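> Okay, predicted coordinates and the sequence, questions at the end:
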Amino acid sequence: MKIGVYFCKCGTNIAEKIEAEKVRQKALAFPGDVHFAAIDFLCSEDGVHAMEQDLKENNVDRCVVAACSPRDHEKTFMGVMERAGRNPYFMQMVNIREQVAWVVEDKEQATEKAARYVAAAMRRVLLHDPLEKRAIDVCPDMLIIGAGPAGLKAALTMAESGRKVILVEKSPAIGGLPVRFEDLFPKMECGPCMLEPVMGEVLHGAAAENIELLNMAEVTGVVGSYGNFTVRIEQQPRYVDIHACVGCAECIEPCPAHALNEFNCNLDERKAIAFPYAGALPNAPFIDPAVCVRMHGEECQRCKDACPVEGAICFDERVRMVERNVGAILIAIGAHLYDCRQLPNLGYGAISDVHTSLEFERILASNGPTTGELRTADGTAPAAVAVVHCVGSLDKEHKEYCSGVCCQYSFKFNHLIRKRLPGAKVYHYYKELVYPGKEEFASYHHATDNPDTTLTRYAALGDLAITKNGGQIQVRCKDVQGAQSMVPVDMVVLCPAIVPGVDAAKLGALLEVTRDNLGFFEEVHGRMDSAQARLKGVYLAGTCQAPMDIQKAMLQGMASAGYVLSGLVIGRKLEISPVTASVNAERCSGCRVCGQVCPYKAISYDATRGVSSVNDVLCQGCGTCVAACPTGAIRGNHFTAQQILAELEEVLQ
């Protein structure tokens, strides 16, 4: 068996600290047939060609590459091995750049260390197994959970590429929260207007036939793995046929039943049959069975009698169970706002004119509870408004992180208050100010340049107290300098922290997708790979992964679609890396420790046989289960105990 050692000089990066000739002499002293070649830039086009030719001409069986980090070029050199007709897993890389040349000052010591590393790799590579990649058939379609901006953008990207998409949304309308905002920072664009082209394409565009939209639906079961998931979906009845309904709203007025309108943050009422809000898409109302008197045994069909379209209202609809096969899943369920009732000193829930930012958005909206008129509970226009930033954010007792977007929409509110009430005073109370980007600063300057705007910095939420004295709201504050102030206002807007959605825990458990210590879905890497969950085949987009604005959410949606389009190509099989763990069933005791520690949910337990098994599609070869197995029943392919010990023994000689 002939071992070839390929030494990359890497220009001066390696050559000026490590003497290739001395490494060669020590490598040739290794027992057996050894070939050594030093190349200036092994990763260059000329370098890889020279290595490929050398492998063929010298009949090298096993290969050691002494160069840079395997993170940079392991795939490059494995490709060279394949083109030379060798098994790519008969190669071992040694990082003599970052781990030797760049950290060892003494040239003699660096050369000795490099020579030992090369010898250790030579001893290890003799024990490598001829691993082979496996290919499986896959489904190229995608399930998207959540039809907000991120989910819609991903669905449209997939559909326009000819892929099938199952788009699941638990509410009766699509678009998420931004379609309820009439002005979006930083350019004060109309939310519904900005998103309508995307929503229109999803519902009626050229690629709409590739999108199956399931409103009022939730995922209830998922089995399988990347490339081949089977998903169960439960869809609640809408009691209105969205294809027959013309959206005339004739059915709504006759309805005798009322309920608080959750789409307007319970600031007004809606009928049992209603549109979520004016302009909602799909353009059809829904019937709330919890409110409808017919659903509670009374004889009533006033809505159906008033409807001019035969068959548009269907009282006999039932819960529908849907099963679909997909290759990948995107989670885009959005987030919620921190419950301001956790901060009783701010008066939310106790004082009528203290609102959250979401409630204030709906008050400002022309299709909201006050048709866009800014007024207090007694019907008067506020002469002074307080905007409290960082409610629950940057606070160790509540949420330690910054939600990022709050300052920007706070200054947007400043603009909108001025637009409606030019003479009103606006008081901002903040911990920190955040307005990054090339456009976001404009709203800040628009606010601070106005003499009727006052900014006060406080240190902790305990330094604020919002009370009501008679008909006047009073905001008491101790600023960061310790100065006390009291300002009378007519309305208060609280800007709460963005927190994980109420369904995050349930969905995470269902999909077996991990969440971080803050409760958001955990990504592979926060900077390098924020669109992939830790479970292979599951992707993340939008505020379910972290607080973010619409721009970043939609980009994540497109990134997720890109992963699926490149990874699950129509007509191409999915290539599975053989660097995985495997279980020796004869030694397995069935303790299931491996399944508990696996970060990729790749290990299942066969109760009939009493043994665990590894799904090589999900396994990433991290070795956690190998280390945890108390009986030594699990083997890490390409990282066996024998290979690792051989390497260590040679280094320590």
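Perfect, I can see it now. Numbering: from 1, shown residues only.
> drop to CA atoms for contacts and neighbour counts, all remaining ones
Noted.
> Which positions in stretch 441-456 come out as buried?
A442, S443, Y444, A447, T453 (16 or more other C-alpha atoms under 10 Å).
> Rounded mean pLDDT for that stretch, please.
Regarding stretch 441-456, the rounded mean pLDDT is 86.
> cool, and stretch 641-648?
For stretch 641-648, mean pLDDT rounds to 94.
> what do you get for stretch 49-61?
Across stretch 49-61, pLDDT averages out at 95.
> May I have that stretch exported as CSV, CA atoms only?
Provided in CSV are the C-alpha atoms of stretch 49-61 (Å, rounded to 0.1, in the frame of the first residue of the first chain):
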residue,chain,number,x,y,z
HIS,A,49,-4.0,19.3,-11.7
ALA,A,50,-0.4,18.4,-10.6
MET,A,51,-1.7,16.4,-7.6
GLU,A,52,-4.2,14.5,-9.8
GLN,A,53,-1.5,13.6,-12.3
ASP,A,54,1.0,12.6,-9.6
LEU,A,55,-1.6,10.3,-7.9
LYS,A,56,-2.0,8.5,-11.2
GLU,A,57,1.6,8.3,-12.3
ASN,A,58,2.9,7.1,-8.9
ASN,A,59,0.1,4.7,-8.2
VAL,A,60,-0.7,6.3,-4.8
ASP,A,61,-3.3,4.3,-2.8
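> So for it, what gets flagged as buried?
By 16+ other C-alpha under 10 Å, the buried positions in stretch 49-61 come out as M51, E52, D54, L55, N59, V60, D61.
> How about the last one: what's its closest non-neighbour residue?
The one in question is D61. Of all residues not flanking D61 in the chain, K2 sits nearest, at 5.2 Å (C-alpha to C-alpha, 6 or more residues apart in numbering).
> distance of the one you found from S612?
Look at K2 and S612: by C-alpha to C-alpha, to the nearest Å, they are 38 Å apart.
> Between these two, which has more neighbouring residues?
Neighbour count, other C-alpha atoms under 10 Å: between K2 and S612, S612 has more, with 24 against 15.
> What's the per-residue pLDDT of that one here?
95.
> Please identify which helix or strand holds it.
Assigned by DSSP states H and E, S612 belongs to strand 611-614.
> Run through the neighbouring helices and strands of the following helix or strand past that strand.
Sequence-wise, the next helix or strand downstream of strand 611-614 (DSSP H and E) is helix 624-628. Other helices and strands packing on helix 624-628, by 3 or more C-alpha pairs under 8 Å, 6 or more residues apart in numbering; DSSP states H and E, are helix 593-597, strand 634-636.
> Show me the buried residues of stretch 441-456 that map onto strands.
T453 (DSSP state E).
> sorry, back to before: tell me which of the helices and strands packed on helix 624-628 is the most buried.
Among these, strand 634-636 has the highest mean neighbour count (mean count of other C-alpha atoms under 10 Å), at a mean of 21.
> and for that one, what are the contacting residues?
Contact with strand 634-636 is made by V579, T580, A581, S582, V583, N584, G621, G623, C625, V626, as judged by C-alpha atoms under 8 Å, 6 or more residues apart in numbering.
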